[in-house]
Structures are given as structure tokens and as C-alpha cells.
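>>> Here you go, sequence then predicted model.
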Amino acid sequence: MTGTSYDAIVVGAGHNGLVCAAYLAKAGRKVLVLERRHQVGGATTTEEIYPGFKFSCCSYVVSLLRPWIIRDLDLPRHGYEILPLEATVTPFPDGRYLLRDADPERTRRSIAQFSPHDAEVYKRFGQQMAELGRLIKPMIDQPAPDPLSRDPRELLRIARLGQQIRGQGDEWLFSNVKMMTMSAVDFLAEWFECEQLIAPMAISGIIGTFLGIRSPGTAYVLLHHYMGEIDGSFRAWGLPKGGTGAIAQAIASSAQALGVEIRTEAPVAHLLMKNGSAAGVVLANGDEIRAKAVISGLDPHRTYLKLVGEEHLDPEIAQQVRRFKMRGSSGKVNLALDALPELACLPGTGSHLQGGITIAPSIDYLERAYDDAKYGAFSRQPFMDIVIPSVTDPTVAPPGKHVMSIFVQYAPYQLKEGAADWPNQREAFGDAVIDTLAEYMPGIKNLILHRQVLTPWDLEQIYGLTEGNIFHGELSLEQLAFLRPIAGWSRYRTPVENLWMCASGTHPGGGIMGAPGALCARTMLAKRAV
Amino acid sequence: MPIPTPFHARTQALCSSYRWKDWSGYCAVCSFDTTHEREYFAFRESAGLLDVTPLYKYEVSGPDAQALLARMMVRDMSKLKVGRMAYTCWCDDDGKVVDDGTVARLGDTHFRVTAADPTLHWLQALSRGLDVNLEDSSARLGALALQGPTSRAVLREAGVAGIDALKFFGVIQTTLAGIPVWISRTGYTGDLGYEVWVERGEALAVWDALMVAGQPHGIVPAGLDALDMVRIEAGFILLGVDYYSSQKVILESRKSTPLELGFGWMVDLERGNFIGRDAIAAETKRGSVWQLVGLEVSWEELETLYASFNLPPSLPATARRDALPIYDETGRQVGQATSHTWSPLLKKYLAIASVHRGFEAKGTKLQIEHTVEYERRKVTATVAPLPFFDPERKRKP
């Protein structure tokens, strides 16, 4: 329809789509971003669900947004501000609590009440993990190595990687192999003896996956946690000012300054195919927009099975895509609160509320939560990761009032009764969360002004996350690096000529990291695809 | 031994880190908590409450008060209206800076001067033959800086009349929780912020009222570590760190002129005589030897430098005052960085430096010394305009 032709069209204005568009525009390309919803950000979104209260509905903290992206796109100038997430409190049913924060001695004393041994080992563990993470970190700043490549440059890169690994010595290799195969609990139990520490630490291994803390392979995901912390040695876990949506706004503002055109409420119906390759998109209203390349910011399922359509795919590819595990396992409950809640174990409204609150009181508790999910029900007593961003960032709630973000696992997409039964179970799920929380925060129910419950079904319906998977596909070992999203098509390319992928379903994966978007743009420019 | 300020009973109870330092003979908190991070972000995201009592304060009054200050200050004090405040520096006869501070015109013939160093003798020397009264009100008055984006909301919550009408660099006499106070819209953070001046007997009541009113607005008691970071972001220089008082140094070369410190905008050579005028006029013709600049240190180069040691980049978490040599591209030393800090807000490593004439243009690439593993290296630092951080809310009505 429109006369304008673009170098590239990005489908979906999630944070990765915006990053990708910004990098392409920076290289002088004419880029159009199309977003189905009324605002940009995708799951990196902040919305005023209840008057005066701004909920970061989906993602709620930022850890791994690549520092070079922040610099390249000049994000601080576009409103990107990260506030520190101070501490983690883990309350226990017996009235005790574990507090871990930036003060190493206070943390040591807190752990020592459960195990003097663990208190001493904790720091050493952090060092070793940081060391491991540092060696892995370069991997997330470049496309995944391609073991099948015949390109001499690629082979050289792989050889260097191998050399680097060998150079680390046997001990490093052994711990790495262990990490890749063990469960989070088993791996941590090699270091620690008290489960008051193991349980809350193990949860980093399962967030966003349909696995339990005793499932093999979950140890590796722990490592991601430590990559954030070492980044430039500056605190990498933080709360974006104005909510995570402000990050998307900052990237969008930077992209627009670079010349990117962004259209919201412009849903794409499907790819415009010409001689078997992508030639643009067709909007839901029938408009056709042409471009040299189309970049999908959608997850692999949506990209291959909906945007392209199975009829245009090799059956083998379609099969592989269907095998790529989405299976969302988590939900979000967002609360508008009349005042700050108090923890029974730690009364008062001091600085401990500036950090995260983790409901993960024991290994068995977490494993039982997983049991419910295995058989198609949400956890009656779920794991919860709670933050109250309004304590540090008063802009997200009216004075004296607060917003609470509760990440809840497990909430399996596939219920026993079927995924479509979620609307019937949504409020029961919300009740289970609040009831559990009330055991640790007795006054919470009286403070709730508004409650937003987002089940995996809702995440799919509202945000287009297939099966409600927050990472565009599980971050388990068999779905990472050169296997993400499917073997042979890991480098942002797809079997459809001129169609690329730039979001969390590609290497290095999910979280507000921006790397997939930037690496996709970099790859496209290197291949002169646009 | 430093003595307590009028707010000590409160700050001491809150200072769980026991980290204090001597500021002009008073006990001053470095950071209340183990790290200053929360306090830093309070200045930028909500409101930080800082005890600034150790600033020297002088009441200058009488029929010739304005004449005295017009003569002493580089900036034209005859233009200062009642209810306004001005930032200025003052010089010796050679046009070398003695100190910098603020002058508030509280009444037609009543001014209040703040200074970093004791200044009564200077005022006395200049007031000979003039009809003025001088009072050192430093000990009589307590002072609090309430700084940050929610600071206005805090004062509103505390029921301060006239706070919404108070303009940038305005000052009013009002009441806070029924206590008479002076409130000025000034500060050392480069953000929206206020300073509250109160008789020492009422100091604790004012602190308490602000803490209560500040609760819904995220008020956080803050210390000097956090202040030092935000003042570098704001491009504010500090006496005894970024420059030295001409009255205190032995070497002539250590002295600075207003033009060298970036105070040229304060100077009006046409307005009649003031202390140091002729020297400054001569310097204007001749050109200055030094120039104060902002520097942004290249993060990419820092990363590469640390990587060559197989280390991730690491910078001190607090602002630093150890002066670092600055070189030009040929390796010749052309200046020194006197304050530097990582800015968590701007995600940049910033420095305030003095460089030789010719190296002050925006965008000039210089080299700053950086030590890694006991080895002294250099990384690129680019001249950037000051302030590094200048939010609209600072001046907005």
C-alpha cells in the first residue's frame, strides 16, 4: 500500500526488537518497527493498571542489559536509570530470616546463625562462580559458536575458545562439567550444608523453566546469576527507574533519534512472501509494507508457525520448532498497596524492604511446589520473588503508597483442565499467592488496594508470549547457544530467506539483556543482509 | 577533636556504619549505612537529608552591608534582590580566589554569607570605615540540605508556606512545624533541592518534622560520600580539593583565578571596583593559564586495559580526591584531575580537572593516569562540558 520501502521491518517492539532496530538505523538503514499493542516494550512494560500505580507487569528487575548497548545507544541520556536492589531477605516459618546484602560481614553473620561453615564458604563460592561467569561472559556478547562451520574465521574462534577452556586448568573444567549436568541443589550441596541457604540460592536455577531445583541441568542456570554481578564490578541487579517499561522507552527514544520509525497498534498478520523469501509484511488491516529484510521480535513458535506459517516451512523444520520447549511455568501478581507491608520475622519498614524478598523456605517446599505443577496444577505454596520498587523509586506510586511485584512459580501453562481453563482458575491462583504471602506478612491483605493476576495464559493473550514462557523458550542446556532456537539456524537467520530473528528465542536468550537484538543487527550488517 | 552539630543526637542514632569524618571541626557522617549507595540514589530519585551545619555562616547587616559585599565579591551584589541568593567567589588583590560560597539577601540591609573556610577576619578587614555589623552565626545556626526530586513534596507535606512559589536560588523566611526557619532553593547536588537554616535550639525538631514529612516521599538521611559523587556529576568544585585558597598556599602556582575555575560568568568588569578587579581585567586580556574542565574517561579503554591483566574493570565505589596527572597525546603532562567518580546514574567515569590553556575545548582527547595491579597506565579522557548532569527539575517552577 504505502509507497515507502524500508531496508528492514522489525515485527514486535519488545526491548530486543527496539535494540535491533536502533543498531540498524545507526548503520544508516531505514527501519520500521511494528507493534501490535498500544505501547512499546513487549514484556518490558510498565502500565498504570490502577490509577496512580505503575506496575512493571512482566519483567521486574534488570540484570544483564549489556553495558556496551547502554553506551552505544546512549541510554542514560534517554532516561535509562537503574536503582540498586539492595538485599535479599528470605523469611522462614520459624520466625528466623536470612539476609544477604552488599555488606559482607552482615551477610556472614546472617548465614552463620544457620551454619558457621556456610557463612565462611559463601564468599569463596561467590568468587568461584564469578570466575566461571567471567569466562562464559564473552559468549553472551557474540553470536553462538557454530560447531558445524567450515568458515576458517569461525573455526579459529572455536579453537581459541577451546584453548581458553584448556588454559583454565582441570579444576575449572571439572566444575564446569558438573555445572552442566547437575541439579542446582546437588551442586550447591557440594558447597553448603544448611538448606536455609541452599533453597533460596537454588531458585536462580529454575526461574522461568519447567524444572525443579532437583532436576539435572539446573545448576548451569545458576551461573547466569553471577554474570550480572561481575559486570564491570558494578551492581548489575537493579530496578529501572519508572519500571522496566522505562527501559523500553529509553531504547525506543534512542532508536527514534537514530531515525527508526515506530508504529504501535499495527498488528502484523503474516509475512509477505515472494518466491519463497520474505519481502515484507501484511498488516491485520490488509496493508502491505515491503522491506529488504524482516526481523521477527517474536518467539520461535510465533515466528515460524504463525508469522511464516507451516505451509511455507520444511516439515522437518516445523517439527524442530514444535519440539522447542516453551511451556511457561510462572505467573505474576502485582499489588497496589496502601502502605508498606511488614515482615513478621523482621518488623519495621527499614532498608531491608528495598531489596528482594524470597519465599523459598526449604528444599522440600520448592520441590513440592514443583510437584503440583508436574500434575497440571499451580503450586498451592509457590516460590515467590518479591520486590517493592516504590521504596527506592517513588515515581511508580502515589506518596506513601506502594507497588509490589510478585513473581510466582509454578504456574504451568498446561493445566490438568487445559490451558484455556486458566481464566477460571486465575483468582484462585491469586488467592494461593496472597494466602502464602500472608504467612510471612500477616498484614498484607488489609493493605491491598488492587490486585493484578497474570497467569501464563494471560501472558500469552496479552503479551504474545507463547505458552506464557517469559524467556521465549526455556533456558535449559539443550536449548542454548548453537541449539537456540533450532539446530542449524542459531545465528539469527531462518530457513526463510530475508527473515531474521532478534529476540530472546535466539542466543544468548532471555532477560532484559538486549544482546540478541544487537547481535542480530550486527550479524545482518556483517552479512550485508540489509 | 571534632564536636557534635545540633543534629548529632539524630544522626548518631542513625549512623549504623560508625563512619564519620571531621568537617570544619564538626563530626560529619560519611555514610549512614555500610555503603553510601542508597544515599546517593536518594539524592537523585527521592530526597536525601544532609547535615550541612559545618558550613561557615556570617550575618552582614547595616546600611553599608551591600557596599561591603559588592566590594568583596566577584559577582555584582548590588543586583541581588531581597529574597534572592547568589553563588559567588571572592578574591585577593591579585585576583586569586580566596573561597567560594553563597550570599543571601534576607532583608534590605541583611545578608547572609556562607563559606567553606573561616571568613570573619576577611569581612572585618574589608569593612573598615563602613557602617556594618558582622556576626559569625556559624555556631548559632544549624543547616540541613534536603536534596532530590521529591524534596519539594517533602516540604509541602511538612506544611511549609510558600514553598511552591520559591524559585531557584530564592530564599524565604517561613515556618516548618511551627518553627521559624529560612529556606533557600539551593544546594550542592545540582538537583531540585533546598537548604533549611534554623536556630540551633530548634534543630532537632526540624529534623524530626522533615523525617516524618519525608516518609511518604522516600526521604533518606545522607552523608558526605554520596554528596561527593553527586557534586562531581553537578560539576561543583570543592575548596581544598579542586582548588586551594590563595590565603593558604605557599606556591603561587597553586593559586587559581575565577576565570581559570570557570567562574568567568560571575565577573562584571564594568560595574566599578571590587577586590581583584584589575588583576582579572589583565588576565582577561592576557588569557588564562589554566582552565577547569570536565573529563569523561573511556570505558572501552578501561575494559581493554583491565582485560590485559585478565581482570574485569573495577573502579572505587566512592568519589576519589587523589589527583591524577593528565597528559596530551604526546605524553606531556598538561594538567591534573582533582576529583573523580564513577557515576552510577550516567554510567560514566567522570573527572573534574585543570588543564593548560589550549586543551580545554570540548571533545579534546587527553590521557588520564590509571593504576592497575600497581602499574601506572593511561587511558583516554575526553573533555566534556560541565555540569555532567543538569536535570530540568533543578530550575523548573
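Received the coordinates, thanks.

>>> Distance of A:Lys527 relative to chain B?
Here A:Lys527 is placed at a distance of 25 Å from chain B (C-beta to the nearest C-beta, to the nearest Å). (Glycine included, C-beta is placed from N, CA and C.)

>>> Ok, A:Ser5 next?
According to C-beta to the nearest C-beta, A:Ser5 stands 36 Å off from chain B.

>>> which residues touch that residue?
Applying C-beta atoms under 8 Å, 6 or more residues apart in numbering or on different chains, we find A:Ser5 in contact with A:290-292.

>>> what do you get if the cut-off is 7 Å, keeping everything else the same?
With contacts defined as C-beta atoms under 7 Å, 6 or more residues apart in numbering or on different chains, the neighbours of A:Ser5 are A:290-291.

>>> With A:Thr107 instead?
Contact criterion C-beta under 7 Å, 6+ apart gives A:100-101 as the residues in contact with A:Thr107.

>>> Mind doing that once more with 8 Å?
Listed by C-beta under 8 Å, 6+ apart, the contact set of A:Thr107 reads A:99-101, A:122.

>>> Let's have those residues in a markdown table, adding distance to A:Ala112 and secondary structure.
As requested, these are exported to a markdown table (distance: C-beta to C-beta, whole Å; DSSP: H, G, I helix; E, B strand; the rest coil):
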| residue | distance to A:Ala112 | secondary structure |
| --- | --- | --- |
| A:Leu99 | 12 | strand |
| A:Arg100 | 12 | strand |
| A:Asp101 | 15 | strand |
| A:Tyr122 | 10 | helix |
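
>>> Rank those residues by pLDDT and give me only the lowest.
By predicted confidence, the contacts of A:Thr107 are weakest at A:Asp101, whose pLDDT stands at 88.

>>> how deep is the residue nearest to that one when sequence neighbours are not counted tucked in, by neighbour count?
For A:Asp101, ignoring the flanking residues on the chain, the nearest one in space by C-beta to C-beta, 6 or more residues apart in numbering or on different chains is A:Ala87 at 3.5 Å. As a burial measure, A:Ala87 scores 20 neighbours (other C-beta atoms under 10 Å in any protein chain shown).

>>> Nearest the middle, which residue of chain A would you pick?
Centrality entry for chain A: nearest residue to the mean C-alpha point is A:Gly511, 2.6 Å, by C-alpha atoms, centre = their mean.

>>> Now that one. Nearest residue, chain neighbours left out?
Take A:Gly511 and drop its neighbours on the chain: the residue closest to it by C-beta to C-beta, 6+ apart is A:Leu64, 5.3 Å away.

>>> ok, that neighbour - how many residues close by?
If you count neighbours by other C-beta under 10 Å, A:Leu64 ends up with 22.

>>> Can you report phi and psi for it?
Backbone torsions of A:Leu64, given as degrees, to the nearest 10, read phi -120, psi 10.

>>> Next one: it from A:Ile247, what distance?
Per C-beta to C-beta, to the nearest Å, A:Leu64 is found 12 Å from A:Ile247.

>>> okay, and the common contacts of the two?
A:Ile512.

>>> And the chain, what are its domain boundaries?
Unless you meant another one, I'm taking chain A. Dividing chain A into domains by automatic domain parsing, as the record does, gives the ranges A:6-44+A:62-83+A:241-324+A:472-526, A:122-237.

>>> That was the other one, I meant chain B.
Each structural domain of chain B that the record assigns through automatic domain parsing is listed here as a residue range: B:8-54+B:139-222, B:57-122, B:252-256+B:289-384.

>>> Format those as a markdown table; extra columns: mean pLDDT.
Shown next, in a markdown table, are these (pLDDT from 0 to 100):
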| stretch | mean pLDDT |
| --- | --- |
| domain B:8-54+B:139-222 | 97 |
| domain B:57-122 | 97 |
| domain B:252-256+B:289-384 | 95 |
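
>>> in what helix or strand does the residue in chain A that chain B sits nearest to lie?
For chain A, the nearest residue to chain B under the criterion C-beta to the nearest C-beta is A:Gly400, separated by 3.1 Å. For A:Gly400, there is no helix or strand it lies in under DSSP states H and E.

>>> from what I can see it touches B:Val212, true?
No. The pair A:Gly400 and B:Val212 does not pass the contact test of C-beta atoms under 8 Å, sitting 11.5 Å apart.

>>> Do I have it right that B:Tyr26 meets B:Pro6?
No. With contacts counted by C-beta under 8 Å, B:Tyr26 stays clear of B:Pro6, the gap being 9.9 Å.

>>> any idea which helix or strand comes after the least confident helix or strand in chain A by mean pLDDT?
Scoring the helices and strands of chain A by mean pLDDT, DSSP states H and E places helix A:218-230 at the bottom, with a mean of 70. Beyond helix A:218-230 in the direction of the C-terminus, DSSP H and E gives the next helix or strand as strand A:238-240.

>>> Could you pull up the residues touching the residue positioned nearest the centre of chain B?
For chain B, the residue nearest the mean C-alpha position is B:Tyr188 (4.3 Å; C-alpha atoms, centre = their mean). With contact set as C-beta under 8 Å, 6+ apart, B:Tyr188 has these partners: B:52, B:145, B:147, B:227, B:230-231, B:234, B:236.
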